[in-house]
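Enquirer: just to be clear, the model below is a prediction. Sequence and coordinates:
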Amino acid sequence: MTDERVDPPFEADERVTLTAFLDYERATLELKCEGLSDAQLRERAVPPSAMSLLGLVRHMAEVERNWFRPVLGGEEMSGIFSPDLDWEAAWRDADTADVAEAFRVWHAECDHVRALVAAAPSFDVRGFRGGAWFSLRWVVTHMIEEYARHLGHADLLRERLDGSTGE
């Protein structure tokens, strides 16, 4: 694996620090998937869990879309892999999902989020989602937590697939 992640700065303002950590987490998921075949990315390598690395990528595309677009863009929540917001579809359908398409969609959502965050005047910006108001600060922090939790899963999946360990 080629680690080309950029470490977050040790001293910076809130926006730079939090967005750098979020990008670092995104890059870590990319790194965990690097060099694997489509079959390996689809493999549910830690039974009985239904998780696969491809499922994680698909799930994170959904999560990126359905936090940032409603809160910052005023959009309704919408499924990428299931029109009826069946959140399990990202995991369940990974066995037959197009790997290149999943990564393309995830990258596109991350790029869209970067543009939304860059356009926000501050992290105090608020938006409505699922019956509650959320600040951009909360959403970015939540996304860092979401990636961090799932990167622990990715560590186990990758180690089980080919023995690779590390950050």
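Expert: Structure received.

Enquirer: where exactly do the strands run in this protein?
Expert: Taking DSSP state E, the strands of the chain run over residues 126-129, 132-135.

Enquirer: could I get those strands as CSV with distance to residue 20?
Expert: Every residue, glycine included, has its C-beta placed from N, CA and C. Converted to CSV, the strands of the chain look like this (distance: least, C-beta to C-beta, whole Å):
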stretch, distance to residue 20
strand 126-129, 22
strand 132-135, 19
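
Enquirer: what is the burial count for residue 46?
Expert: Residues lying near residue 46 (other C-beta atoms under 10 Å) number 15.

Enquirer: wait, it touches residue 155, no?
Expert: No - contact criterion C-beta atoms under 8 Å: residue 46 and residue 155 do not qualify, at 10.4 Å.

Enquirer: could you dump the strands of the chain to CSV with mean neighbour count, distance to residue 116 and mean pLDDT?
Expert: As requested, the strands of the chain are arranged in CSV below (neighbours: other C-beta atoms under 10 Å; distance: least, C-beta to C-beta, whole Å; pLDDT from 0 to 100):
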stretch, mean neighbour count, distance to residue 116, mean pLDDT
strand 126-129, 16, 10, 95
strand 132-135, 12, 13, 96
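
Enquirer: closest to residue 18 out of those?
Expert: Residue 18 lies closest to strand 132-135 among the strands of the chain, at 11.7 Å (C-beta to C-beta).
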